[in-house]
Every structure is written in C-alpha cells, then in structure tokens.
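K.L.:
Here's a sequence, model it:
(2 chains)
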Amino acid sequence: MTADPSPYRFTHRHLLGIEDLSPQDIVHLLDLADSYVALNRRAEKKQNTLHGRTQINMFFESSTRTRTSFELAGKRLGADVINMSPTTSAIKKGETLIDTAATLNAMHPDVLIVRHPDSGAVKLLANAVNAAVINAGDGSHEHPTQALLDALTIRRRLGTLSGLTVAICGDIAHSRVARSNILLFNTMGVRVRLVAPPTLLPTKADRYGVEVHHNMREGLKDVDIVMMLRLQTERMQGSFVPSEREYFQFYGLDYEKLAVAKPDALIMHPGPMNRGIEIDSEVADDINRSVILDQVEMGVAIRQACLEVLARNLDNPEHNQ
Amino acid sequence: MARIADLSIKKHKAGRVAYLNARLIDPASGLDEIGGLISDGDNIADLGAGITADGLAEDIEQIDATGLVLAPGLVDMRAHLREPGFEHQETIHSGSRSAAVGGITTIACMPSTNPPIDDVALVHFIERRARETSLVKVHPIAAITRARKGEQLTEIGLLQEAGAVAFSDGLNTIMNANVLRRALSYGTIFDAMFIHHPEDMNLSGSGSMNSGEISTRLGLPGMAPESEAIMAARDVRLAEMTGGRLHLAHVTTAETIDIVRRAKARGVRVTADTAPHYVALNENAVGDYLTFAKVRPPLRSEDDRQAVVAGLRDGAIDAIASDHAPHDQDSKRQPFVQAAFGIVGLETMLPLVLELVHNEHLTLARALETVTSAPADLLKLRAGRLAKDGPADLVLIDLEAPWRIDSKAFQSKSKNSPFDGRPVQGRAVRTVISGRTVFDLSSEG
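P.N.:
The predicted structure follows:
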C-alpha cells in the first residue's frame, strides 16, 4: 500500500530567487495568484491575511512600478506598509548593509521587500534579519516575482507553460529578469532562446540549457512568446552597442521581425519601455498581442500570493533564528 | 615557554641545540635522511645521519624529533603586512606571529602600505619595525613606480642598496608597457627582480570573480581569464626585449602558465609563483557569494586549477607565496561586488602545500622546494636551506597530523579565510629562527 502523498507545503522562509523553488512551489504560487486576480477585479479588494503585520519596502535602487506593486499587494492583504529609500538616508552616511539590517531588525518588521543594486546583497541582508524577505531584484542576479508574474501572464493567455518556446531578447548580460525567467522556464519545461548581440550576453550563456541567437529573424522563428528587455541608456553610447539607432535596426522589435514568430505570439516587456529603441511603439501598443499591461496586473496578484505563503511560515518556530 | 615566544627572546643569543632522529629534508641539496642537526647561536653548526645523542656534549639542549620532518623554515616571497597604514588589519608584529605558527621564518612584504614603500626611508622603517617587533625575518619589497601609480620609476638602485629584495606595484598592473620596459631595462644594472601582477585591467574591468558559468549564474561581473594571459604575454616580451628579470605574481590560468613555460624554454629571464588558494580551490568556492573567496586574481576554473598543479610539478611555476592579504570584517561583510579582494594565508600555506604531497601531485621535496629554496633563490636570500654555517631557520613538521583549520585561532589580526573548517593533514610543530624556538605547538600556553 502506498501512503497518501503528504499535502503540499511552501517551506521557504524567504523568497530570494527562482533557483530555490521547485515546480510545485511555482505552480502553487501561480494558482494562488489566479485567485487574487479575481479578487482584485472586485470593488472590495481588502483581505486580512496580513492583519497586524508590518511590511517594509526597502529599495536601495529607485523603482516606481515594483515598489508600488508590492505596496498595493501588502495593503490589500491588510499589512501596515512602510516605504524606505535608503539611498537618501543611512547608506549615504556610510552605514553598511549589515548595520542597516540590524537597525531594521530591531523594529520587528514581519516582511521586508528588498531591492539592491548588488548581486547577492538581498541574501546577505536576509541572513541578518528575523523577518521574511522577498527579493525585489538584486543586481544582475534575480528578480523572482517578475519571473512569476511573467509565467502567470503566459499561463492565463496560453493555458499552459510546458512545451512553449520563448525568445528573451536584449540586454541579457545585465538582466536579473532574464536570469530569473530562464530558471523558471527551465524548471517548467518552456524552451528558451536568448537573442542578443554577443556584447549583451553573459559568459557561457549556452551552458544554461538555452539556445543562443544573435539574429532576431532566426531567434524569433516560430516562438510563442517574445520577451523584450530594457536596454539601459548608459549601455548604448558605444560601450556595449554603438548607438540607439543601430540597436533598433538589428534588435528592436517591429512587425517585420515579429513576422517570423507564431501569428499569435505574445509580446512581453518588464517595463519601463524604451520606445523606438528595443520596441516599436506600434508593437508595444498592439492590444491583440502585447500583454505588457497584463503583466502589471499580474504583478500585484503574484506579490499577494508570495506574501501570503511567506506569512504562513512567519510564526513557525522552525524558521526562527 | 609559551607556544609563541615573546619579543624578549630576541635579546638573547641562542645556545647550542641538537634536533635528533629527524627526517632531514633539504630540497636544494636533495638531502632526505634520518639524522640530526646541531645549531650554534644563529647558525647551523652541523647536520647529517651521523649526528645522534651519542657523544653529544652535555651543554647541548636535545630535542627529540622522532617521526618529524626537519626542513628549512619557509620563505614567503609575497605577503601584505599592512604596516604602515592599515594596522587595524595587520602589523609586522601580528603578521610575524602568524608566520611563526605557519612554519614561515622569512617574509618578503609587499609595498601595498600607506605610504607605499617607494622611498628609502620606508625601507628603513620596515627594517626597523621588523627588528623591534617581528619574530620572523622580514624583508621589504619596494614599489616599481612612485605611489605605485605606474608612471615614474622609484630609486631602484638606492632602494635595493637599502635592503629591498625585489620590486613590485602589488595588484596595480603597470598598464603602460613603456614604463615596465624602462624598469626592466634599468633594473639590469642591479639585477633587480620585478614582481608584476599580470592583469589587463581594461579587459578584466570591474569584475569581481572569474568569468564563467558561475559568474553568470550569480549575476556577478566577471574577470576574463584571458586578461591574465594577455598581460603575461606582453610582460614576457618586455623581459625578452630588455634582458630584465621578470617575476609574474600569482599565475592562475593554463594559458599563462604555458606562456611562462615556453618563455623559459627559449631562455627568457622569467619566473613565476602561485598561491595556495589557486591550488586548493576553484571558482566553485565562491558558492553563494562567499566574500572570503573573493581574491585577485580570482579563483579560476577546475581546468585552470589543474594546470597550476601541473605547472608546479614541471617547474613552469617556481614558487608558492602565501599572498597573505588580511582584511577586517567590515571589508568582507559586504555585498560581493563591494567586498575587498584577498585571503589571509600565512597560517594555512604549509598544510595546503602538504595537500599536494598527500594527494601525490608533488613529491615532498618538490613541495617544500616551492616554499623554501626556490623563493629564497629568487630573492637572493641566504635562507631556505639546511646548510652548515647557514642560518638556523628551521621548521619541524608533523606530516601526518590531521587537524581542522580554525580561522578564529589565527594569530593574524584578520580572519578572512575560505579555508575555515577545512580538514587538513600536516602542520608545523616547531619553528626556529636564528637558533631560537619562536613557536612550539607542544608547549602549554
């Protein structure tokens, strides 16, 4: 006789990266987020899942949409949410990240949402606090909630993840969004192609279980999803690519390049977009194909799901340090 | 006596001491036999299989070294002692205690100080501080260029006369080929040795670890291994062009080692060293942003690590240096990109070198040669040998003793070691300098 499979439980204390998540974890978060999408479309959106809890959004790097998304997610779940931008406070005065963590910890927050310009910094901070930590982007490393919201967007539009082919295009070398997405897609059975000039690809990208292309027309052929990445303006002045117009010519998404993808291929972008550089405005605004605003909506729901699963473990003594 | 001697030991001249029943190993002469060694004052009076307890004069102190190796004290040709300028990280005194525990009897210290050792007065300062505060012998390495900026040459002749044993700008590559060319060329007058850090700083950019699969996974900026080989190739050509003495510091890639090997074969005056961490670790040690594994040059791929071992075996790499680079906690408890480069190494060099022997990568004689006579010869020091009338700078080694590296127990002021907790085999049990025991593991204290 086989025993009943033990019921699923989200066991992580923090959400630091897709790398730590199993396929079950990902499906669980997507399912839970689906229910929040429905709730968020109602007039009465407020829940009390995080009632009495304190959530601090610590953004060591500027952000509007991600921070707002986390703030809404926390408030809709009933948490008290505070925003901090340490770039303007202690960090400028020479306080180390560990000092900041210790100071914050003494205020007994329950959840910390952290974005930091250095890879690995969120984990360093997570190791020094008692609160649950969600990585809202660390350097060029991971941005797990972005990958989850992208997966949710795709699953709701196309009904599945497994078996699809996605092309991730643009500045992959410096992109945490690309890394988290590659990990998630690999875990969920989505085929990944990376399309970028060699200067914007990380070393040994081919060892990531992905196909690498330097030509958009080859890379986009028959794909189900085209995911464009933002190219930072400071990387366009001759250091990584020669100019904006040359980049658009060869790597900007327009209808001509898109023609080789599947006819109903989805177009995604994590925002904010550089119109006319990595994406043509017409394509970005094509309501039949562009799901860029869906991504924003899914972002709030995914973050609610992440907050909920971490809140379940907040009082678990196994997780206290 | 306590485990580590205090400085008052330097006031008294050593008497006569006999080390008996030891396995005498002198890599320079090929000596490897059971026997004894007698020191008289600062020097070795006699050694060999014939020296036993029988017939020894009564006033000779006898130390039974049965089961132990008696070798020349280790010579560390590159360590950062941080004094003057960074005394919160290390001082000549604390570094010398750390060295004594590690079986090291001579240190050549790097000019990465503040002010840098680029002036005769600084050479004198180091020598005075060493006389006053160091348990081990310390020799300064002076800068090649003023303020280590890679522009104007230092007073190479005067610095060498004052006691500088070599010249180096530390981790600052001299990017201007003409500056290094002039240094190598001018240095031929004094047969000065230039220790250069081969790294094309433009190519490695702002990287913080080896570029490869792991840097990609961690999202860390990488340093291309080619940045080392490209600079090494340039440096070798400059040595060839000038006839100057070039020594490449911490070579870490297969390609670099091959460049050195081929240059030696055609008679270029080039030598090289590596450090224990490039033999004992590869880039995987960075793991999950372990800043103690952040070092320059970075830990490389496994293929490169194996090439370093092969280079030590066939002599393409002449010596092993600790590359001791002490950093305080605040410099390392940082996001990886912001953390300082460097690993403390004085107390872990010997056990890590012995790993190569236990793993049968090197013979014991060759392993010890890389840390005794080879670096001593490069620096032209009277050290690193068991020789009659030579200095009685000795180490007694228990080759087999299993132990675990414990960075909290380090004598160094800094504990930035990726080897904390590593099980190792073999260690110094007694360190002797100028005939005086400065460290004795068996003593209480």
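K.L.:
Tell me the residues on chain B that lie near chain A, please.
P.N.:
Applying C-beta under 8 Å from any C-beta of the partner chain, we find that chain B lies next to chain A at B:211-213, B:215-222, B:224, B:288-289, B:330, B:333-338. The C-beta positions use only the backbone N, C-alpha and C, and glycine is treated the same way.
K.L.:
Go again with 6 Å.
P.N.:
Contact residues (C-beta under 6 Å from any C-beta of the partner chain) of chain B with chain A: B:211-213, B:216, B:218-220, B:222, B:289, B:333, B:335-337.
K.L.:
can you pull out the strands in the stretch 201-350 of chain B?
P.N.:
Here the stretch 201-350 of chain B has its strands, by DSSP state E, counting those that start in this stretch, at B:209-210, B:222-223, B:245-248, B:270-274, B:319-320.
K.L.:
ranking these by burial, who's on top?
P.N.:
Highest mean neighbour count among the strands of the stretch 201-350 of chain B (mean count of other C-beta atoms under 10 Å in any protein chain shown): strand B:319-320, with a mean of 28.
K.L.:
Which SSE is immediately downstream of the worst-scoring helix or strand of chain A on mean pLDDT?
P.N.:
Every helix and strand in chain A was compared by mean pLDDT, DSSP states H and E; the lowest is helix A:97-105, with a mean of 88. Reading on from helix A:97-105 to the C-terminus, the next helix or strand found by DSSP states H and E is strand A:111-116.
K.L.:
That following strand packs against which elements?
P.N.:
strand A:54-59, helix A:121-126, strand A:132-138 (3 or more C-beta pairs under 6 Å, 6 or more residues apart in numbering or on different chains; DSSP states H and E).
K.L.:
Which strands or helices does the longest one pack on?
P.N.:
In this case it means strand A:132-138. By 3+ C-beta pairs under 6 Å, 6+ apart, strand A:132-138 packs against strand A:111-116, helix A:121-126.
K.L.:
Try it again at 8 Å.
P.N.:
Here strand A:132-138 touches helix A:65-76, strand A:111-116, helix A:121-126, helix A:144-158, helix A:292-312, going by 3 or more C-beta pairs under 8 Å, 6 or more residues apart in numbering or on different chains; DSSP states H and E.
K.L.:
what pLDDT does the most centrally placed residue in chain A get?
P.N.:
Centroid-nearest residue in chain A: residue A:146, 1.5 Å away (criterion: C-alpha atoms, centre = their mean). Looking at residue A:146, its pLDDT is 98.
K.L.:
Distance of the closest residue to it other than its chain neighbours relative to residue B:227?
P.N.:
Nearest non-adjacent residue to residue A:146, counting by C-beta to C-beta, 6 or more residues apart in numbering or on different chains: residue A:177, 5.0 Å away. When distance is defined by C-beta to C-beta, to the nearest Å, residue A:177 is 28 Å away from residue B:227.
K.L.:
What residues sit buried inside the worst-scoring helix or strand of chain B on mean pLDDT?
P.N.:
In chain B, the helix or strand scored least confidently by mean pLDDT, DSSP H and E is helix B:329-332, which has a mean of 92. For helix B:329-332, a neighbour-count test (16 or more other C-beta atoms under 10 Å in any protein chain shown) marks B:331, B:332 as buried.
K.L.:
what comes into contact with it?
P.N.:
Applying C-beta atoms under 8 Å, 6 or more residues apart in numbering or on different chains, the contact partners of helix B:329-332 are A:96, B:89, B:291, B:292, B:294, B:339, B:340, B:415, B:416.
K.L.:
Widest-spaced pair of those residues?
P.N.:
Greatest spatial distance in the contacts of helix B:329-332: A:96 and B:415, 17.4 Å, computed using C-beta to C-beta.
K.L.:
Just the ones of the residues of chain B next to chain A in helices?
P.N.:
Those of the residues of chain B next to chain A mapping onto helices are B:213, B:216, B:218, per DSSP state H.
K.L.:
Point out where chain B drops to low pLDDT.
P.N.:
B:1-2, B:444-445 (pLDDT under 70).
K.L.:
Among the ones in helices among the residues of chain B next to chain A, find me the one that's closest to chain A.
P.N.:
Using C-beta to the nearest C-beta, residue B:216 comes nearest to chain A of those, at 4.0 Å.
K.L.:
Tell me the span between the first and last residue of stretch B:191-203.
P.N.:
31 Å (C-alpha to C-alpha, to the nearest Å).
K.L.:
Now it: buried residues?
P.N.:
Applying 16+ other C-beta under 10 Å to stretch B:191-203 flags B:192, B:193, B:194, B:195, B:196, B:197, B:198, B:199, B:200, B:201 as buried.
K.L.:
which among the residues you listed gets closest to residue B:156?
P.N.:
Closest to residue B:156, out of all of these and judged by C-beta to C-beta, is residue B:192, at 5.5 Å.
K.L.:
Quick one: the helices in the stretch 151-300 of chain A, in order.
P.N.:
For the stretch 151-300 of chain A, applying DSSP state H, counting those that start in this stretch gives helices covering A:176-188, A:216-219, A:244-251, A:255-258, A:281-284, A:292-312.
K.L.:
Just the buried positions in stretch B:153-165, please.
P.N.:
B:153, B:154, B:156, B:159, B:160, B:162, B:164, B:165.
K.L.:
Name the spans of chain A whose pLDDT lies under the cut-off.
P.N.:
A:1-5, A:87-94, A:234, A:236-238, A:316-321.
K.L.:
go with 50
P.N.:
Within chain A, the segments meeting pLDDT under 50 span A:1, A:320-321.
K.L.:
Residues of it that sit close to chain B?
P.N.:
A:19, A:96-98, A:116, A:118-121, A:123-124, A:138-142, A:176, A:179, A:202-205, A:207-208.
K.L.:
Return the members of those classed as buried.
P.N.:
Buried by 16+ other C-beta under 10 Å: A:19, A:96-98, A:116, A:118-121, A:123-124, A:138-142, A:176, A:179, A:202-203, A:205, A:208, out of the residues of chain A next to chain B.
K.L.:
now, the most widely separated pair of the residues of chain B next to chain A?
P.N.:
Greatest spatial distance in these: B:213 and B:333, 26.3 Å, computed using C-beta to C-beta.
K.L.:
Correct me if wrong: residue B:308 contacts residue B:275.
P.N.:
No. Between residue B:308 and residue B:275 there is no contact under C-beta atoms under 8 Å: 9.4 Å.
K.L.:
quick one: common contacting residues for those two?
P.N.:
Going by C-beta under 8 Å, 6+ apart, no residue sits against residue B:308 while also sitting against residue B:275.
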